[in-house]
Structure formats: C-alpha cells, structure tokens
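Q: With the input below, show me the fold.
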Amino acid sequence: MKNLILLFSLFIFTGTIVKAQESVLFGAKAGVNFTNMNSDSFSDNNTRTGFHLGLLAEIPLTNRFSIQPEVLYSTQGTEADVIMNGSSPQTMEYKLDYIQVPVLAKVYLTESLSIEAGPSFNFLVNEEIGGEETDFGSSFEFGGAIGVSYKFRGGFFGDVRYINGFTNAFDRESYFEDIKNNGFQFGVGFMF
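A: Numbering: from 1, shown residues only. Modelled structure (predicted):
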C-alpha cells in the first residue's frame, strides 16, 4: 500500500509537470522545522528542532494562481513527559523522519507575496523513540500545510508554513492514544 501511494504521488507530480512543461518553474529549498506532537498521554512536551530540504515545481495556471508540488525530506518529533498506565511521567524523545509530498494551491496577493495551502502525503522513513530505533510508527501520514511565501529578485524566495498531521503518527496496534504531528517550517529556496 505504501509503495502504491508513493507511486501515485510521483505520478501526480510528474504528470502535472509534463502538462505545463513550457511554463513550469523548478526549484530547491531547505529550512528549519519546529515540530511537536499532541496526545492525551503527554503531560508536557517540548518542540523538536529539525530541518527539511527538497525539490519543488511551480506550475502557473493563471497570473495569480499556481499549483506547487514538492518532495521534501523532513525531520520531526517532540520530547514529551509520557504517562503510561497511571505511573509517574517518563521523559521520551520521539524522532520521526518523513518524505513529505505536499501539493499546494498557491494564490498570489501581489506579484511577490502568496498564500499556499494543500494536502501533504507523508511517508515515514526513520523513527526513534528514547534513542532507539523502533517500528511503531505508521508508514503513511495524511496531513496538510498552510502558509505564506515571498519571492525576492533573482529567483530567491522564503516561506513560512504550518504543517499538521490529520492521521495518527503511530499504528493503532502499537499506541492506543492518538498522537499527531504538527509544527512550523521556515524555508528559503531558489527557483531555476
């Protein structure tokens, strides 16, 4: 199933690019993540600082509207005080790394400033809990992103976005509580 979803996402990404090949812009971006996870079993949690990097394409459909598919490697997680079976809280560090495939609708408010929003198809590639590699994470997470982007002269741009997981980050068989990702990404990039 995971391979089928990844294949479908790549098909959408490349199919959209081929359709608008004459006007499509390509780019690369990188930045810092400040992510967290929400759960009823967390008595306290702290933001994890991570990074993201990857490639993107911007496909203009009108002067003010574009579709922007991306493929990003993103490190996420949190450090949380976890209450298990009514015991005293234990501090656990959660590290989850994803290949994110957001497909964003981008609306330009001015020639340089735009707002963007859309779904994100996230594939888990690495996970650690408490410093040990584990296999509790859900291999696929459906999420969303919303943010703003600003184009500078010479092809450079900066963006800020909020990301949110709509599905559980961990399999139901492993964790009974809902644990979902969220956070902010601050990025810079260059369009070719």
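Q: Every contact and neighbour count from this point should use C-alpha atoms.
A: OK.
Q: which sections of the chain are below the confidence cut-off?
A: Scanning the chain for pLDDT under 70 picks out 1-22, 85-87, 173-176.
Q: partners of the residue most central in space within it in the sheet?
A: What sits nearest the mean C-alpha location of the chain, by C-alpha atoms, centre = their mean, is Gln100, with 5.0 Å. Assessed by DSSP bridges, Gln100 has beta-bridge partners Leu72, Asn122.
Q: check contacts around it.
A: 70-74, 120-123 (C-alpha atoms under 8 Å, 6 or more residues apart in numbering).
Q: which of those lies closest to Asp44?
A: Ranked by distance to Asp44 (C-alpha to C-alpha), the contacts of Gln100 are led by Ser74 at 23.4 Å.
Q: ok, now which ones touch that closest one?
A: The contact partners of Ser74, taken as C-alpha under 8 Å, 6+ apart, are 33, 50-53, 97-100.
Q: please redo it, this time with the cut-off set to 6 Å
A: Residues in contact with Ser74 (C-alpha atoms under 6 Å, 6 or more residues apart in numbering) are 51-52, 97-98.
Q: Over to Asn36?
A: By C-alpha under 6 Å, 6+ apart, the contact list for Asn36 reads 47, 77-78, 182-183.
Q: mind giving me CSV with the contacts of Gln100 and columns for distance to Val107?
A: What follows is the contacts of Gln100, written out as CSV (distance: C-alpha to C-alpha, whole Å):
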residue, distance to Val107
Glu70, 16
Val71, 20
Leu72, 21
Tyr73, 25
Ser74, 24
Ser120, 17
Phe121, 21
Asn122, 23
Phe123, 27
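Q: Going by neighbour count, which of those residues comes out on top?
A: Most neighbours among the contacts of Gln100, by other C-alpha atoms under 10 Å: Asn122, with 26 neighbours.
Q: tell me the contacts of Lys29?
A: For Lys29, the contacting residues are 53-54, 188-189, taking C-alpha under 6 Å, 6+ apart as the criterion.
Q: Relative to Glu111, how far out is the residue nearest to the centre of the chain?
A: Per C-alpha to C-alpha, to the nearest Å, Gln100 is found 27 Å from Glu111.
Q: I'd say Lys151 and Asp159 touch.
A: No. Between Lys151 and Asp159 there is no contact under C-alpha atoms under 6 Å: 8.8 Å.
Q: Pretty sure Pro69 sits in a strand.
A: Yes. Assignment of Pro69 by DSSP: H, G, I helix; E, B strand; the rest coil places it within a strand.
Q: residues near it, how many?
A: Pro69 has 25 neighbouring residues, counting by other C-alpha under 10 Å.
Q: Out of the contacts of Asn36, which sit inside strands?
A: Using DSSP state E, the members of these that fall within strands are 47, 77-78, 182-183.
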